[in-house]
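Colleague: Could you work out the structure for the sequence below:
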Amino acid sequence: MPGLLALLAAALLALLGARRAAPPGAWWPLKRWVLGCLLLFHGACRQRAAGGAPAEPRRPRPLRPDPHALDSVYFTGFAETNKTFVIARLAKRPNGTCEMWLFLRVDGIGEFEHPQHPNMMVSDESEEIWSGGGLTIEYLEPQSRWRISFDGLLRKGAYRQRWSEEEGELVPVKFSFHWENFTEVFNFSVDSHPSTFARAFAQEPWTIEFFQRVKKQREQHFRHEQWGQSVGEIEIKNHEKTELSLKGVRSHSYGIRDWSEIYRYVMILAHFEDGTAAHLTVINMPATTTNLAVGYVFFPDGRKAGIEWSNASLAEMADDGVIKDEYGVSFTAGGKYFDVSAALDKEACPVVYNGLTGRGVFHECIADFQLNGSTQGWGLVEFYYRDEAAQLVPNLQLGSKAEGPNRSSWSPVTDGSPP
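Modeller: Got it, this is the predicted structure:
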């Protein structure tokens, strides 16, 4: 079954006399229709096969013997009643390394980020759980409950947009959240709507090598997501403990991820007050798709549907590297039309550099959303740019600056006001 798409596509190429590269516009309607049928059939077979698949393992998967292997877990959480949010990510990489993101804002106290940032590389501190840089993510119950915790120093103040040797104001911070799902899992390999891939692939020149690259990508990287609620407390020096309840996404990505294969992407993650949750990614991977729009919607009643169509285009979303204050996209899913607008919080758009060479930049922009002009939502818009010009962090090394002082020296104030 894994080779079915490539085999049938090869037959179609021979039928069309297009064993050489066909221009992107040639045979576009026929290409899209044929691919849609093939992907629909292929997806149905994968869904049946996935029905008996084993549950998500309780511990990180063994990494594949590849320099680009990873096992990544990513959580977002938004208070929805104020400006508080938490973003945490750990991705195991080969040779005892780990990609780590940690950004948060506590309303009335301030913005915080890991002192390693904008570098994201730290040492992997455990084989049993995801742990690095003082951040720990543990799997408690299959596809249901997780624990996210941190104990160390965070840098307080405006999020840094570029590397600096200045450490800034480092503040002891401790938090622990229990995350529990309120949606089922969306599996991108199984649940995505075939029309999005058919439309994207039909725009590309077709060769046998093209379909071989598509097949390889689909077999080496996997991702699934679900939405849930994090409940816990955070303790910041000179402030009382604060109890938080946050709603956001859990994303688990594993397999092989070579960031050099991705030129650009924009990802929208939003949860709305009526219970709707949505993900839309528009991505340019030059070897296979230069404008693929893929994602899903969870409806308030719990149903899920892959996005079928979107007007989102990378050419109109900060293609020049200048991120605007507002963006709007439309898409369809589950037979319904969605119009989503995002107002970015320019004071909450932290940056991380990709990998030890720094040849890529992530912008994690917090945003307020509107669904169909009336329903309020919360989430983020993530922009990724590949940058091959130069190493962005001089003499970048693995490290963790998050170790904090003895907590017995803490002296929390009683009014909870900022220092």
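
Colleague: so where's the stretch 1-150 of the chain uncertain?
Modeller: Applying pLDDT under 70 to the stretch 1-150 of the chain picks out residues 1-55.

Colleague: just the strands in it please.
Modeller: With strands called from DSSP state E, counting those that start in this stretch, the stretch 1-150 of the chain shows them at 69-78, 85-93, 97-106, 110-113, 121-123, 130-132, 135-141, 145-156.

Colleague: Low-confidence bits of the stretch 301-419 of the chain, can you list those?
Modeller: Scanning the stretch 301-419 of the chain for pLDDT under 70 picks out 356-358, 388-419.

Colleague: re the thing from before, may I see the strands of the stretch 1-150 of the chain arranged in a markdown table, with mean neighbour count as well?
Modeller: All C-beta atoms are positioned from the backbone trio N, CA, C, and that covers glycine. Output for those, formatted as a markdown table (neighbours: other Cβ atoms under 10 Å):
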| stretch | mean neighbour count |
| --- | --- |
| strand 69-78 | 23 |
| strand 85-93 | 24 |
| strand 97-106 | 24 |
| strand 110-113 | 22 |
| strand 121-123 | 21 |
| strand 130-132 | 25 |
| strand 135-141 | 18 |
| strand 145-156 | 20 |
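
Colleague: what's the burial count for the residue lying closest to N354 once chain neighbours are set aside?
Modeller: In space, and not counting its chain neighbours, N354 is closest to G360: 3.2 Å by Cβ to Cβ, 6 or more residues apart in numbering. Neighbour count for G360, taken as other Cβ atoms under 10 Å: 20.

Colleague: One more: the one 4 residues further on?
Modeller: The number of residues packed near E364 is 21, by other Cβ under 10 Å.

Colleague: for the one 5 residues further on, same thing?
Modeller: If you count neighbours by other Cβ under 10 Å, F369 ends up with 22.

Colleague: Please apply the same query to the one 10 residues further on.
Modeller: Applying other Cβ under 10 Å, we find 26 other residues in the vicinity of G379.

Colleague: That one is in what secondary structure piece?
Modeller: Assigned by DSSP states H and E, G379 belongs to strand 375-386.

Colleague: now A200
Modeller: helix 194-202.

Colleague: Now do that helix: distance to the chain's middle.
Modeller: Centroid displacement of helix 194-202 relative to its chain, using Cα atoms, centre = their mean, to the nearest Å, is 21 Å.

Colleague: Using PDB, list the CA coordinates for that helix.
Modeller: Extracted in PDB, the C-alpha atoms of helix 194-202 (Å, rounded to 0.1, in the frame of the first residue of the first chain):
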ATOM      1  CA  PRO A 194      -7.200  14.400   0.300                       C
ATOM      2  CA  SER A 195      -8.300  17.400  -1.700                       C
ATOM      3  CA  THR A 196      -5.700  19.700  -0.100                       C
ATOM      4  CA  PHE A 197      -2.900  17.400  -1.200                       C
ATOM      5  CA  ALA A 198      -4.400  16.900  -4.600                       C
ATOM      6  CA  ARG A 199      -4.600  20.600  -5.200                       C
ATOM      7  CA  ALA A 200      -1.100  21.200  -4.000                       C
ATOM      8  CA  PHE A 201       0.500  18.300  -6.000                       C
ATOM      9  CA  ALA A 202      -1.400  19.200  -9.200                       C
END
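
Colleague: Packing partners of it?
Modeller: In terms of contacts (3 or more Cβ pairs under 8 Å, 6 or more residues apart in numbering; DSSP states H and E), helix 194-202 is packed against helix 28-50, strand 289-298, strand 304-310.

Colleague: Going toward the C-terminus from it, what's the next helix or strand?
Modeller: Next along the chain after helix 194-202, taking DSSP H and E as the criterion, comes helix 208-220.

Colleague: Which strands and helices lie in contact with that following helix?
Modeller: Helix 208-220 packs on helix 4-16, going by 3+ Cβ pairs under 8 Å, 6+ apart.

Colleague: Who does A305 form a beta bridge with?
Modeller: For A305, the beta-bridge partners are V297 (DSSP bridges).

Colleague: What distance do you get for it to V171?
Modeller: As for A305, its distance to V171 is 43 Å (criterion: Cβ to Cβ, to the nearest Å).

Colleague: who has more neighbours, the two?
Modeller: For the pair A305 and V171, the greater number of neighbours falls to V171 (20 against 17), based on other Cβ under 10 Å.

Colleague: what about the more buried one, distance to L153?
Modeller: Remark: distance between V171 and L153 (Cβ to Cβ) = 7 Å.

Colleague: One more: Y254?
Modeller: 30 Å.

Colleague: cool, and E326?
Modeller: From E326 across to L153, the span is 35 Å (Cβ to Cβ).

Colleague: for the closest residue in space to A88 that isn't next to it in sequence, what are its contacts?
Modeller: Using Cβ to Cβ, 6+ apart and skipping residues adjacent in sequence, the residue nearest A88 is F75, 5.0 Å away. If you count contacts by Cβ atoms under 8 Å, 6 or more residues apart in numbering, F75 has them with 86-89, 137, 146, 148, 179, 230, 248-251.

Colleague: And the strands in the stretch 251-400 of the chain, which stretches?
Modeller: So, for the stretch 251-400 of the chain - with DSSP E, counting those that start in this stretch - the strands run 264-272, 277-285, 289-298, 304-310, 326-333, 336-344, 351-353, 360-371, 375-386.

Colleague: Can you list the strands that the second one pairs with?
Modeller: Sheet pairing here is set by DSSP bridges, and for strand 277-285 it gives strand 264-272 (antiparallel), strand 289-298 (antiparallel).
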